[in-house]
Structure formats: C-alpha cells, structure tokens
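Chemist: with the sequence up front, the predicted model follows.
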Amino acid sequence: MAKKLEFRRLLAAPSPDELLTRAFRRASRAADAMRARGKPIGIAKQREAERIRVMSQTIRKTLTKLVTATPSLSNLPPFYKELVAALVNVDDVRKSLGAIDGTAKIIRRLEREHIRRLRAVSSLGGTSAIRRQAYGRISSTVKRAGDHLAILREAEGKLADIPSVFIEMPTIVIAGYPNVGKTMLLRRLTGSEPKIAPYPFTTKGLNLGYFERGYKRYQIIDTPGLLDRPLEERNPIERQAIAALRHLADVVVFMLDPSGTCGYDFERQLHLLEDIRKTFSNVIVVINKTDLLDEQRVREVRELCKDAVFIAAATDQGVPELEKIIRSIKSKLTGKIVWFR
C-alpha cells in the first residue's frame, strides 16, 4: 500500500515575553499550591525553590520540544528538501535550533545553581533575593534567544502550507496555460471533484485527484497558478518550488489548446511546453478541444505536434486512449504523475 508522505509541522515558537509570562504564572501557582511544613525559613526555601524549579522546567520543556519536534532538515525526502530550501534558510534554522538547545541547558544549570544557593541562606529576605536573582538571570537568557525564536517562528509560518502526498504511487502532473481544460481532464480521469491542498507560492493550492485501474492507484496533481507562465518570468524561489515538483512527477501531461478559446495564442503555449520539457522528463503532449477545430486546423496542429494525443475533455473524446497511454508507461514510473496548469 502506498504511504502518504507527510511533512511534520514545526511547533509555533513563542516570543520571549510570552514564554516568560507563562513560566512566571505557573511558578506562582505551583508555590501557592504547596503544603510546606516546618519552620518559616524552611517553608520559604521550599516555596522559592519550587518557583525557580517550575519556572525553569516550563521554559526548558517548551524549548526542548521546539528542538525535538523539528524534523531533521538534512534527512528529508528530495521533494521536501528542495521545497524547504526554497522557503527558509536551512542553515539559519539549524543554527537557531542549536542555540535554543543550548539555552535550555543554560537554564537548567542556573536552576541548579540557585536552588543550591538557597540551602545556605539563613534569612527570609535572603530566600526571596535568591529567587529574584534566578528569575533575572533566566529571563535574560531567554531574551538573548529572542532572535532564534523569531527565526523558528517565521519558519513555522512559511512551512505550514507544505502539502502531504503519497509516495510509491504513480503520479501525474498536469501542465499548461489557464483555461486549456486541465481541471476537466482531471475530473474525467478521476470521476470526481479534485481535493485542494495548500502549496507555497500559489494562492490556489494543489488540485489532487486519484483513480484506480486494474488494482493500481494513480495520483494526479494539478498546480494552478504555478506552471502557467514561462520560467523566465519566475523569480528564483518560484523556480526552486517548481524544481521540487520534479521529485514527484513521473509523467507530466502538458495540455495545449489550439482553438483560441483559452485566451493564449498557440505559439506562446508551445514556448511554455519547451520550458516544461527542459525541467521535466516523460512529458506527454495533449491537444485539447479538438471538437472546436476544423479539419484544416487539425492538420496544422498535427504538423507542429506530431507525437501529441488529441482529445476533447469536455466530451470525453480521446480520454480513454490517453489513459491507456498513461497506464502503458506505468512500469517505467517510480511513483508519481504530475499535472501543471
């Protein structure tokens, strides 16, 4: 059974003020809830030690979870590795994780140091003074980590929209200009409305669909707003996001509309096709809306696109033949077929 590849989301990193406020509040409640016994000085030492301990534990637990819950950025599958690199500065994130881990260790050391000093105090005023010193030094340590917390918080926001996809499943990516019929073809192949998953660099997200033939399941990905214009019009980060899709696409179905109804001239569409061929292997060229073409136009297009598959997705004409072509090459696929629009 195909496994779904899920990017483990980063935890939201609090600001230093948020973290300290939470720690102070918990420390105060814990001290108030204590049922200490003994002489006044002994009770004071117990309460102040509890405040220091709970404050330290609250902060250290949060910082440690930030580090341990973050997936190893160096051991990600290729798709995620390239996508993450397009979204965040991986070296900065790694350095910040190391700094946060170091901060937790420093706070643990400060906790032990001040609790040890409490044992030697002989006055009530001295116990509160030690606790204030501990609070101050721990607070300063947390605030010094503020920039690193901000980097992790920013990374969490940017990586929140990374989609989950199936691995070891033949995947089809649909490409082509807007309005050439990609969504209609996806519906024809899957027999259902596509699911929408978020994807960075496009506000429209990914359209995901699945279909089964002969006990084999296929994954179809349509990327509206991402592969709908020439690569030279893309910024470097967008190009890297597109490059990440190479690790998913076993086959790209590139759709052309020579009818003129999509709003883009045919030469411009052919230029985008050449871009896609430079970026992806296993490209199937599909001529759509053939039901709107006269015989002369069909001959002209066949001359320009000799190996293309001619279909009319709106009427299902040629779609079964296209599906057979896709299925016939499944033995060459490592896992996925991607559609771009």
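Modeler: Arrived safely, thanks for sending. Just so it is clear, the model here is predicted, and its values are computed rather than measured.

Chemist: element containing residue 219, please.
Modeler: Per DSSP states H and E, residue 219 falls inside strand 216-223.

Chemist: buried residues in that strand?
Modeler: Across strand 216-223, burial judged by 16 or more other Cβ atoms under 10 Å covers 218-223. The way it works is simple: take the backbone N, C-alpha and C, and place the C-beta from them, glycine included.

Chemist: got CSV for those residues, with distance to residue 256 too?
Modeler: Formatted as CSV, the buried residues of strand 216-223 follow (distance: Cβ to Cβ, whole Å):
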residue, distance to residue 256
218, 22
219, 23
220, 18
221, 19
222, 16
223, 17
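
Chemist: of the residues you listed, closest to residue 174?
Modeler: Relative to residue 174, the closest of those is residue 222; by Cβ to Cβ it sits at 4.6 Å.

Chemist: and the closest one, what are its bridge partners?
Modeler: Going by DSSP bridges, residue 222 is paired in beta bridges with residue 174, residue 339.

Chemist: lowest-pLDDT helix or strand in this structure?
Modeler: Least confident helix or strand of the chain, by mean pLDDT, DSSP states H and E, is strand 337-340 with a mean of 42.

Chemist: quick one: mean pLDDT for stretch 112-125?
Modeler: The average pLDDT for stretch 112-125 rounds to 92.

Chemist: and it, what's buried?
Modeler: Going by neighbour count (16+ other Cβ under 10 Å), the buried part of stretch 112-125 is 114-115, 117-118, 121.

Chemist: tabulate the buried residues of strand 216-223 (JSON lines), appending pLDDT.
Modeler: Below are the buried residues of strand 216-223 laid out as JSON lines (pLDDT from 0 to 100):
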{"residue": "218", "pLDDT": "83"}
{"residue": "219", "pLDDT": "84"}
{"residue": "220", "pLDDT": "86"}
{"residue": "221", "pLDDT": "82"}
{"residue": "222", "pLDDT": "79"}
{"residue": "223", "pLDDT": "71"}
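
Chemist: quick one: pLDDT of residue 312?
Modeler: pLDDT, read off for residue 312, is 95.

Chemist: specify the beta-bridge partners of it.
Modeler: Beta bridges link residue 312 to residue 317 when assigned by DSSP bridges.

Chemist: I'd say it and residue 290 touch.
Modeler: Yes. Contact criterion Cβ atoms under 8 Å: residue 312 and residue 290 qualify, at 5.0 Å.
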